[in-house]
Each structure stands twice: as structure tokens, then as C-alpha cells.
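[1] build me a structure from this.
(2 chains)
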Amino acid sequence: MKRALCVWFPGRSSQLPNAPGPDSLPNLAEWCQRYSPFVSIAGDSLILDVEGDEPALLQQVRQDFQSKGLAVRLGLADTPGAAWAVAHFGRTRIVPSGETGALLPLPVEALRLSETALEALRAFDIRRVSQLAALPRSSLIRFGPEIIQRLEQAFGDQPELLEPVHLPQPVRAAFTFEDPPDRSTLEFVIDELVHKLTEQAKGITGVQVELDCGRSVGFAIGLVVPAPARHLVELIVTRLERLELPGELQSVRLTVAATMEARQPLLFGGQDFSRLVDRLCNRLGRERVTRPKLLPEAQPELAVLWEAVTSPDIQNLSENRVGVAGAGATRRPGERTPGLPFGPAPAIRLVCSSRSGSQSVAVTKLPRPLWLLKPEPIHVEWDTRIVRRREVYVIVGYWGPERIETGWWRHSDIRRDYFQVETDHGRFWLFRRVREEDWFLHGEFD
Amino acid sequence: MPAALQRLSELRRADSLPIGVPAIERLLPDGLRAGSLVEWLAERGSGAGTLAFQLAAPHPCIVIDRERAFHPPAVGLSPVVVHPPNEREMLWALEQSLRYPVAVIARIDRLNSSEFHRLKLAARHGGGLGLLLRPPDGPAWADVRFRVTPLARRDRQRQLRIEVYPSRRTALLELNDETGAVRLVPRPIVATAERARA
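    The predicted model follows:
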């Protein structure tokens, strides 16, 4: 017999139930499909039609949500109304069939009434469901149809129809092999399967590939922007080639995991670029294909955040040229170079020095090396020469110091004096640790 | 102009890449063909890297940075930066990237001729621009090569001696560290006869 399970997320009551994100109610509703094909959203909770071993089901649901990090309160009863009431206000979790008595001690709020209805009841000092249930129907009419309806729904005297969340059936295609396939057969089959998927779903950006080789093996393919079928086929086959199968391949199943609405065609280079990015991510992993983001951070090795490339990045890629200084463009004085963390700072003065003496030089941009290395300890005879890996670099001139320090409250704070040093081998970025007075090579001005 | 030559010059113009640095454009009278690989033979710290990034600037750009050393604040560019885990994956990523009409920058110390050949084919297929920063001594194969030697000076303006292959022209460039402006220092261009390793 079908009964109702209410899943309530107590921690979420302050949030909008439909706030976007992995924990939005629609997403959780879809996730709960594993327990029942009929899931509806009732306010801030979910109602499921369930049948079967109820204690086991409750146990499973609670465990599953616990591993998701979500606190839940559950109520299982004959009607959605009763289940909701018990989940939100009761102590019992499962109300045995036919036992309506469980509702009686609950406060009237458990009946999912509107504020107006509740006020009306409070005016008559009706606080518990039992009080309400004791009144004859003729007296209840004065409170309006809502209260009667909710009462009768909770007790099962009136049916309650809930709209199940319409979750699209997953788009899937599968093939079972009679004999273990060779590479060209496999490619052919993957091609067919991908075409089946693209017929049913537009704008695919994620595919889950599951292989049955005695054991189940699977992987996911992600795209930055939707691509033609042939590109998907290529990505899948490339990944398959590098996979070691635990046994003979018996079947393969592809499921669409994500889609994106079709976008406007991208700028020149954009479409090509996204294919390339897909290929690189597919083989190297998403975290190795990045876009730099500058942070307001003094410590140079922490000043850049390498973020995985996303699809808006692809559209912006043609704009990466905007930031280059010089290169034939005229610069107005004080014009900021986009992307640099330092604006046209007034009066940054570096001491420019050589053996013949020192002078103060005003710069508009703090010098930063093209290649930032891991700080390499070096031997320095200031201000004559540097010894690096047994090679001697003669110091011809230097600019600095630029003091970079971070607060003592940081885990490992730094106090460094940086120098841009011109040598007979090129220009380098050195720093001397103030406390320890030792020298390091930090960058190359290439 | 005879018809054949005219067509040739049109062809040249058609698949020529825009060169964002006038000073370097002057050094390449035949322009830079789409699908080219350019090798920069220089020590790190010479200034060759900045020139390479400036050439890359007009195009969508990818940096293949195996050593994770690229520091964007230096050039004010925000390209896609790939961090391959080892040399083999670096070469793969480089080859893949060259197959697309984009500018690719990579520092490669070790390269053999067959690896280079694969890169060359990929670049030709892609029609983009490959800028390879290489050590100054060691074999090089690109159709266009720049040998860059810094001249140590106490000036904030850096001076670089640049030698171009195949024309064998040399020139002096002035590179402004702050603005990135590159200027050809006017002086007679002398073809060097003694270059053995070009």
C-alpha cells in the first residue's frame, strides 16, 4: 500500500527552498528518485509515495542524507498531510497505518495552515489538533474552508493530490557485444551511441560512460561548450584507449549527464579554442588547464590563483591581448594596464644603483619577472656578483630594495627585500630575507 | 608586375600573420606565415620571453608551462595556461595546441629533430603561431629563429642584441621594462658571417 514519506530539511528553513545550487529542492527531488518515482515538492520539504519495508527505507534515507551532509527529519504516514505534520512537529517517525491518533497532540501549525487561519484559531485559543478535531464540522466552517480541508487531508478523509516533480528520463544509449570488440568495432559502436544521444538531447556537455567487463568500470567526459557528435566520439575513444579493462568488454552504456542551451556562435577562435580545451582537459585533467586570476596579495608566489577554465573564459579569450603594454599601442600617462595588480602608483621610487653611486628612480609599475621560480638559495657578494649553480654572474646594476612583507599573524610570514639585478647573464629578481640576511633568486626577467 | 609574382605576393599577404611589434616586423621583411614555428635561442633572463609574449598578444594565446613558472603580472596578459605533469605530456599538449589557429608559447629545453618535426607538422595544420623558447646552445630547426643576447647596462631600458635567421640580420632592440615598448635602435644592419649554429 502506498504511503507518504515527508523529508524535511530543518537547517534550510531560513533559505529560499528554490535557491539554486546542488542542494536546491528540485535537485534534491531528482536525487530522491532513487527511493520512489513519485516525488513532489511541498513548501520546504519533499513528499514521496513509498511502499515496502518502511524502517529500512527510513534508515537508508537518513544515512544517505547524512553522507551528503544534510540534516533531515522524516515522517511516514498514510497521508502527505500527516507525514508533513509528523516530520515537522512530531517525535514519531513512522505512523502506523490507520493510526490517526498520532496527529492529535501536535500543534495546529502542523496542519500547514496559512497565517490568517492560524490567527483565527489563536483568537479562540485553539492550539492543538486535538481541540480542532473535537469540534463539530458545523463549528469549523466559520474558520473558512482551508482549515477543514487541511484537517480532512491529514486524517485521510479527503484525498490530496500532489504534483510529482516531472523529472526527465535520463537520455541513454547502450550496446551489448556478442564477442569482445576490436578497436574499429568499438569506435563504430560509440559513434552510433553518441548519435543516438545527440538525437534525443541537444547541447550535451557531459556524458557518463559505463563499461561492463565482468566488473563495472566508468568515467565521465566533460565539455566546456556543446560540440558536434564527432568531437564527443573522439574524446570517448581517446579515453577508452588509455583505460585498462579488468576483463573482456561485454557492454557499454552512455548516459547524458549535463546539457547546456545552445549559445550564440563564439568569436573567431572561440569555437576552435573550446575543442582544444576539451582535449587538453580530457587528457591532463581539468585542474591542469587554467586561467590566471590575480589576487591582492603581497607575497609574489601567492599572488596568482590558477583557476580551471570555464566556458565564459573561452568567449573572453580573444580579449587576452588587451592587457599587453607597449606593443605599438600608445599609452596615456597614468593609464592602467589591465590585469596588473598595481595601478599607476604615484611616486614609487626605487633606488637605482651601480658601483658608481646611487640615484632614485621613479617607476610607475613595480617590476615583476616573467618567470617566477621557487626561491633558490644563492651566494651573493653584494653588490659585485652572484654565484648560481657554480656559475658567476657579474652584477652591473640593481634597483631596489622593494620591501615585501606579510603580517606576523600569518602562518609563515615573510620579510623580504627584493632587488631587480642586471648581470652579464641577464636581469633577475633577487630577494634577501631581512631577518636571516640570506639571498634567494626568485625570478627571471625574460 | 608579372601575373605570377603578383599572385605570389597576394598569397604571401593572405596567410601572413599580424605582427604586433613594429620593431620585429622590420626584421621580418617576408612577414610571418600562418602555421609558423619560431624558436627563440636565448638565456633565461635575456628578455626573449617578453618579445615572444608580445608577438603572441594579437592572437588567442596558450602557454604550455611545464615548470609552473609563468608569472602573469609581468605581462598583463591572461592567457590559458596549461601545467603538464612531465615532458611527454608537455610535448603532447604543445602538439595538440599547435593544431589550432592560436598562438602557443612554451619553454623547451630538450627537443630532438623528430619531435620538432611533429610540432612543425602540427603548426602547419593549425595555421597559428608557435613560439618556442629554447636554450642558446643546442640544436634548433625552425624556419624563423631569433638569437637574443642581453647587453648588460645600468639603464632601466634594456638592450638586446637580436639576430634573425634565415636573413642573418642583426639589430639592437631597446626594451622598456615598465611599458614593454620595444624599439629598434637605429644602426646599420650588418649581416653576420660567422654564425655557424643558425
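[2] quick one, phi psi at the nearest residue to residue A:290 once chain neighbours are set aside?
    Spatially, and ignoring its direct neighbours in sequence, residue A:290 is nearest to residue A:306 (3.9 Å; CB to CB, 6 or more residues apart in numbering or on different chains). Any C-beta I mention is one placed from the backbone N, CA and C, and that applies to glycine too. Residue A:306 has phi and psi values of phi -100, psi 110 when expressed as degrees, to the nearest 10.
[3] quick one: pLDDT of residue A:306?
    Taken from the predicted model, the pLDDT recorded for residue A:306 is 91.
[4] just checking, it touches residue B:81?
    Yes - using CB atoms under 8 Å as the test, residue A:306 is close enough to residue B:81 to be in contact (6.8 Å).
[5] neighbour count winner among those two?
    Between residue A:306 and residue B:81, counted using other CB atoms under 10 Å in any protein chain shown, the more crowded position is residue B:81 (23 against 18).
[6] one step back: overlap in contacts, residue A:306 and residue B:81.
    Residues touching both residue A:306 and residue B:81 comprise A:290-292, with contact defined as CB atoms under 8 Å, 6 or more residues apart in numbering or on different chains.
[7] tell me who's in contact with the residue nearest to residue A:290.
    Going by CB under 8 Å, 6+ apart, the list of residues near residue A:306 reads A:290-293, B:81, B:83.
[8] farthest-separated two in the residues you listed?
    Between all members of the contacts of residue A:306, the longest pairwise span (CB to CB) is found for A:293 and B:83 and amounts to 14.7 Å.
[9] of these two, who's got more company?
    The residue with more neighbours, out of residue A:293 and residue B:83 and counting by other CB under 10 Å, is residue B:83; that gives 21 against 13.
[10] since we're on the nearest residue to that one once chain neighbours are set aside, how many residues are nearby?
    Among residues not flanking residue B:83 along the chain, residue A:288 sits closest, at 4.7 Å (CB to CB, 6+ apart). Residue A:288 sits with 18 neighbouring residues when counted by other CB under 10 Å.
[11] give me the pLDDT value at residue A:288.
    According to the per-residue confidence, residue A:288 scores 94 in pLDDT.
[12] just the one 10 residues further on next, same as before
    Residue A:298 is assigned a pLDDT of 83 by the prediction.
[13] chain B: helices as residue ranges?
    B:3-14, B:22-27, B:48-56, B:87-98, B:113-126 (DSSP state H).
[14] C-terminal to the helix ranked longest in chain A, what's the next element?
    In chain A, taking DSSP H as the definition, the longest helix is helix A:183-200. If you walk from helix A:183-200 toward the C-terminus, the next helix or strand you reach (DSSP states H and E) is strand A:204-213.
[15] parallel or antiparallel, list what pairs with that following strand.
    strand A:215-222 (antiparallel), strand A:251-259 (antiparallel) (DSSP bridges).
[16] which one of these lies closest to residue A:377?
    Using CB to CB as the measure, strand A:215-222 is the one of those that comes nearest residue A:377, at 41.9 Å.
[17] pull out the buried positions in that closest one.
    By neighbour count, and taking 16 or more other CB atoms under 10 Å in any protein chain shown as the criterion, the buried residues in strand A:215-222 are A:217, A:221.
[18] how about stretch A:237-255?
    Residues of stretch A:237-255 classed as buried under the neighbour-count rule (16+ other CB under 10 Å) are A:240, A:249, A:252-255.
[19] for chain B, which residue gets nearest to chain A?
    As assessed by CB to the nearest CB, chain A sits closest to residue B:45 within chain B, at 2.5 Å.
[20] now do the contacts for the closest residue to that residue other than its chain neighbours.
    With sequence-adjacent residues excluded and distances taken as CB to CB, 6+ apart, residue B:45 is closest to residue A:426, at 2.5 Å. Residue A:426 makes contacts with A:444-446, B:43-47, B:150, as judged by CB under 8 Å, 6+ apart.
[21] tell me which of those fall in strands.
    Counting by DSSP state E, the part of the contacts of residue A:426 found in strands is A:444-445, B:150.
[22] re earlier: partner residues bridging the residue nearest to residue B:45?
    Taking DSSP bridges, one finds residue A:423 as the beta-bridge partners of residue A:426.
[23] with residue B:183 instead?
    In this structure, residue B:183 has beta-bridge partners residue B:174, where bridges are defined by DSSP bridges.
[24] I'd say it and residue B:174 touch.
    Yes - counting by CB under 8 Å, residue B:174 is a contact partner of residue B:183 at 4.5 Å.
[25] not counting sequence-adjacent ones, nearest residue to residue A:377?
    Looking at residue A:377 with CB to CB, 6+ apart, the closest residue is residue A:440, at 5.7 Å.
[26] surely the one you found meets residue A:378?
    Yes - taking CB under 8 Å as the contact criterion, residue A:440 and residue A:378 are neighbours in contact, 6.5 Å apart.
[27] where does the prediction get shaky in chain B?
    B:1-15, B:187-198 (pLDDT under 70).
[28] the nearest residue to residue B:127 once chain neighbours are set aside and residue A:199, how far apart?
    The shortest distance from residue B:127 to any residue other than its chain neighbours is 4.3 Å, reached at residue B:34 (CB to CB, 6+ apart). For residue B:34, the distance to residue A:199 (CB to CB, to the nearest Å) stands at 37 Å.
[29] the two: which is more packed in?
    residue B:34 (16 against 11).
[30] quick one, what contacts that one?
    By CB under 8 Å, 6+ apart, residue B:34 lies in contact with B:15-17, B:101, B:127-129.
[31] rewinding a little: number of nearby residues for the residue of chain B closest to chain A?
    Neighbour count for residue B:45, taken as other CB under 10 Å: 25.
[32] so what's it up against?
    Residues A:423, A:425-428, A:444-446, B:150 are the ones in contact with residue B:45 under the rule CB under 8 Å, 6+ apart.
[33] before I go, just wanted to say thanks for your time.
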